[in-house]
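# Provided below for reference: sequence and predicted model.
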Amino acid sequence: MNGTQTAVGFGTERREGREKVTGTARYAAEYDSPGRAHAWPVPAAVARGRVTAVDPAPALARPGVLVVLSHENAPRLAEPEDPTLAVLQAPRVPHRGWFVALVVAETPEAARAGAAAVRVTYEAEEPDVTLTESHPGLYVPEVANGGQPAVRSHGDPDGAFASAAVRVEAAYRVPPLHNHPMEPHASTARWDGDRLVVHTSSQGTTPVRSVLAAMFGVPEEGITVVAEHVGGGFGSKGTPRPDVVLAAMAARHTGRPVTVNLPRRLLPTVVGHRAPTLHQLRLGATEDGRLTSLVHEVATHTSRIKEFVEQAAVPARVMYAAPHSRTLHRVAPLDVPSPSWMRAPGEAPGMYALESAMDELACELGLDPVELRIRNEPDREPDSGRPFSSRHLVQCLREGARRFGWDGRDPRPGSRTAGPLLIGSGVAAATYPVMVAPSTAAVRALSDGTFLVRINATDIGTGARTVLAQIAADALGVPLERVGIEVGSSDLPAAPLAGGSSGTASWGWAVHAACARLADRLAGTAGPSPAPEIEERADTTGTADAESPFARHAFGAHFAEVMVDTVTGEVRVRRLLGVFAAGRILNPRTARSQLVGGMTMGLGMALTEGSTMDAAFGDFAESDLASYHVPAHADVLDVEAHWIDEDDDRLNPMGSKGIGEIGIVGTAAAIGNAVYHATGVRFRELPLTPDRVL
Ligand code: MOS
């Protein structure tokens, strides 16, 4: 490399790859220091009610137990904005699994045994945990997740549906789903007088610092929150979780460093989940397959303490031209854990329903499902009327069809068999919005001719360090090896979280701006290696968050081939192929890993992942990986991700759209549509487990 624009676009390996595969990368629970104690939470054993007494004596009698905290003796904290963080502050139990006590001990084992010994008594009430279409608690909220309006309506969707030549009316169900990142949520906290240092597994520590400062009443400057390596989050680490509050609380109470390392079986109830969604779809079309009416109505649940509304009808506002439409969300507060973000909240379940209904419509029309989508391609964003900054869905469909070998497919269901296997193929579209948030960044030219970029980005396993270094190298006009990068600490220039597929765009924008400014300054000096160190900073507030006159979304198309075993009912995905249009792909190696990862998670959503809210017990029945089945290697036979080079200068200086989430969007529909093609039976509830399929 010679200092020209060379870094972006190359499949550079992850900078921390060696540390990770050799086990030297440290995670939040692994920051040991002298005197460190370990804490284990006690989950509520009733689904609704209040704690009447906490008897710590049997726990305190056990070896190594230091203290038992509960609402009776825990430090009082300022009321957090997020009610799920108000732990051990009041006797109320809003759902089963809510933390009612915390045992601090010398070792994790002692803490765990202590937690089992604490005697908690409750005044229990009858819980209501079951979402139905007709639940009396359902109401239309003002906004759904992401600040999206809960309802949008154009024209006369009911009249247009009633008079449509061809109609599809169908209900789909997506069960609760759990994020289950590889590294469970964990935090290690240490107070040094009024200074607080926390290592936590988080998608962004700048906001964690703000929350802790407010709750513990200390200035932000007195708190350092580090997330150096993070083993995934999928949205569940996008906001602080109870572990970080409990660790800081226990450390303050005991005067010792404390680690709270949540056991996996506690995650489903305290780190958010994808809420179940009940979908009603009504599609009306002309004989030649043009949509006249599109109605997508969603019912979902939230907890008693926090309103979170999975915005599953929102993608229907983006996808297809239809003169009459209604998209609507209703939510019922139940005695359930608080739902939250899980990879492509809204789009993932919403596009399962919409893209399944589109397949049903194609069958009604006798029209190829690829062609049906092409026929309904809008020239502007249907809901807002704004032009798209770029939209290459049709190209993704065509390129996918070509690569997959779609042409010549016999559309008749059940037309392909191999012994006891039924074989089928299906297609579905994908979309995900382009989001971006303001960020700051700093870059310094060092006297040895290298550069150091500093930004509180978080690398949750995506390769953020690597791609930011690539962006910096290009903006500086220097070889990649000369760029060092520091991320993952709230002491670094403030940055937004790794979420909403917006990390690279948001951080990269600030890094690019700071580096371009430094390069300009250096251009006036003797060369790229000046003796005095100089630094430039950038803050994209006001530019990165400016309203765009354009609708900005990434698009994609999934093609799936499945085999359905008529003896066992098992569905296997033989091939999964996705083609995406997501702006400029900055690092093909890490990008492919994101897209394939998303598609694999979509495969899990289609076939194996599902959580059951036990009506009698009031809890998710599947709380570990032995019962909540994420895809294993043996489930993933052949997954390919491709993309179309998309040149869009209305995004950010890199021309990139997000890629972290779109891979999961539409995947389950493509697989479900393939199962219909294989069997001739339309299943409308996920996951497609053998008991349903047989
Ligand atoms: Mo993602 S669900 O925005 O972390």
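Cool, the structure landed.

# and the pLDDT for the residue lying closest to Val151 once chain neighbours are set aside?
Computed as Cβ to Cβ, 6 or more residues apart in numbering, the closest residue to Val151 that is not its neighbour in sequence is Leu328, at 4.8 Å. Any C-beta I mention is one placed from the backbone N, CA and C, and that applies to glycine too. We have a pLDDT of 98 for Leu328.

# what's opposite Leu328 in the beta bridge?
Val151, Glu297 (DSSP bridges).

# what's the burial count for it?
If you count neighbours by other Cβ atoms under 10 Å, Leu328 ends up with 18.

# sec struct for Arg574, please.
When classified by DSSP: H, G, I helix; E, B strand; the rest coil, Arg574 comes out as strand.

# how far away is the closest residue to it other than its chain neighbours from Leu607?
Leaving out its chain neighbours, the residue that sits closest to Arg574 by Cβ to Cβ, 6+ apart is Glu561, at 4.5 Å. Distance, Glu561 to Leu607, by Cβ to Cβ, to the nearest Å: 14 Å.

# what of Leu361?
Applying Cβ to Cβ to Leu361 and Leu607 gives a distance of 24 Å.

# which of those two has more neighbours?
Neighbour count, other Cβ under 10 Å: between Leu361 and Leu607, Leu607 has more, with 26 against 23.

# touching, the more buried one and Val693? I think so.
No: the criterion here is Cβ atoms under 8 Å, and Leu607 misses it with Val693 at 9.6 Å.

# domains of the protein?
Under automatic domain parsing, the residue ranges defining each domain of the chain are 17-25+437-539, 31-126+182-232+237-270, 143-177+273-434+549-693.

# lowest average pLDDT across the ones you listed?
Minimum mean pLDDT among the domains of the chain: domain 17-25+437-539, a mean of 94.

# so is that domain next to the ligand?
Yes: counting by Cβ under 6 Å from any ligand atom, the ligand is contacted by domain 17-25+437-539 at Gly499, Gly500.

# do stretch 173-180 as well
No: remark: stretch 173-180 sits outside contact range of the ligand, by Cβ under 6 Å from any ligand atom, the gap being at least 8.0 Å.

# just the strands in the stretch 51-200 of the chain please.
Ranges of strands within the stretch 51-200 of the chain are 65-70, 92-93, 99-105, 119-124, 143-144, 148-149, 151-154, 166-174, 186-192, 195-200, based on DSSP state E, counting those that start in this stretch.

# which residues does the second one contact?
If I follow you right, that is strand 92-93. Ala44, Val46, Ala47, Arg48, Gly49, Arg50, Val51, Val100, Tyr122 (Cβ atoms under 8 Å, 6 or more residues apart in numbering).

# at 6 Å what do you get?
Ala44, Val46, Gly49, Arg50 (Cβ atoms under 6 Å, 6 or more residues apart in numbering).

# which of the residues you listed fall in strands?
Gly49, Arg50 (DSSP state E).

# wait, which of the contacts of strand 92-93 is closest to Gly426?
Ala44 (42.7 Å; Cβ to Cβ).

# so that closest one touches His95, yeah?
No: counting by Cβ atoms under 6 Å, His95 is not a contact partner of Ala44; they are 7.5 Å apart.

# looking at it, the residue nearest to Val151 is touching Glu297, isn't it?
Yes: if you go by Cβ under 6 Å, Leu328 and Glu297 touch, sitting 4.6 Å apart.

# of all the residues in the stretch 301-450 of the chain, which ones are close to the ligand?
Counting by Cβ under 6 Å from any ligand atom, the stretch 301-450 of the chain sits next to the ligand at Trp341, Met342, Arg343, Pro345.

# relative to the ligand, which of the residues you listed is nearest.
Trp341 (3.7 Å; Cβ to the nearest ligand atom).

# pretty sure the closest one sits against Gly238.
Yes: Trp341 is within contact range of Gly238, at 5.3 Å (criterion: Cβ under 6 Å).

# which neighbours do the two share?
By Cβ under 6 Å, 6+ apart, no residue touches both Trp341 and Gly238.

# who wins for neighbours among the contacts of strand 92-93?
Neighbour-wise, those (other Cβ under 10 Å) top out at Ala44, 25 neighbours.
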